[in-house]
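> Pasting the sequence and the predicted coordinates here, then a few questions.
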Amino acid sequence: MAETIKVLVSEEEVEKRIRDLGEKISKDYEGKQVHLICVLKGGVFFMCELAKRITVPVSMDFMSVSSYGDGTTSSGVVKIAKDLDESLEGKDVLVVEDIIDSGRTLSYLLEILKKRNPNSMKLCTLLDKPERRVMDVNVDYVGFNIPDEFVVGYGLDYAQKYRNLPYIGVVEGVE
Ligand SMILES: O=P(O)(O)OC[C@H]1O[C@H](OP(=O)(O)OP(=O)(O)O)[C@H](O)[C@@H]1O
Ligand code: HPA
Ligand SMILES: [Mg+2]
């Protein structure tokens, strides 16, 4: 069977939710500067859209970690391919992710980042699959809770494809 994509969250729904999250974050960080950390590659589309909806001063940095390779299950081994450029000392850090699935990537990453002495550190994810959690992760802002299905779009890939879809979809017809 050929791969097809079924829409799970439409472009309009994603955009509306990101606007609402941006509003909430702007209120919560009033009077502060928020330092957004994008977890590449998946987090990049969400972070750019979210940043546009935040009205307090924003700075950004990027980190690349990978645990999935080209498959649909986590290898369990998280690798840092690119570290942040700047120190986190004294900053109000908001880590931005596309999805929390097993929680392995984020629990590993948050442990490392906490040691760099930020003033505060919170986590924002576009998608959360709570049923799949293996490692506990405390999430502050969630776009959508989704069922246990492998999703693509808005930064999420299947074998590096479909990241550019402007909506969230489920891949059908894969082994
Ligand atoms: O909660 P987990 O089970 O750890 O899964 C979530 C992580 O897996 C995906 O990244 P991936 O490692 O595939 O790299 P990518 O962002 O470059 O696609 C996704 O973007 C999250 O970072
Ligand atoms: O459902 C998913 N889709 C794409 N990448 C992922 N990484 C963890 N879960 C997923
Ligand atoms: Mg990722």
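Nice, I can see it. Ligands and ions are numbered 1, 2, ... in the order given.
> Spell out which parts of the protein neighbour ligand 1.
39-42, 66-68, 74, 97-105, 157 (Cβ under 6 Å from any ligand atom). For glycine as for every other residue, the C-beta is placed from the backbone atoms N, C-alpha and C.
> and the helix or strand of the chain with the lowest mean pLDDT, how far from the chain's centre?
Using mean pLDDT, DSSP states H and E, strand 79-82 stands out as the lowest-scoring helix or strand of the chain, at a mean of 88. From the chain centre to the centre of strand 79-82 is a distance of 16 Å (Cα atoms, centre = their mean, to the nearest Å).
> So for the helix or strand that it is followed by, mean pLDDT?
Scanning forward in sequence from strand 79-82 by DSSP states H and E, the next helix or strand is strand 92-100. Here the mean pLDDT over strand 92-100 is 98, rounded to a whole number.
> Moving C-terminal from strand 92-100, which element do we reach first?
Using DSSP H and E, the helix or strand that follows strand 92-100 in sequence is helix 104-114.
> From the contact counts, what lies against that following helix?
The helices and strands touching helix 104-114, judged by 3 or more Cβ pairs under 8 Å, 6 or more residues apart in numbering; DSSP states H and E, are strand 34-40, strand 58-66, strand 92-100, strand 120-128.
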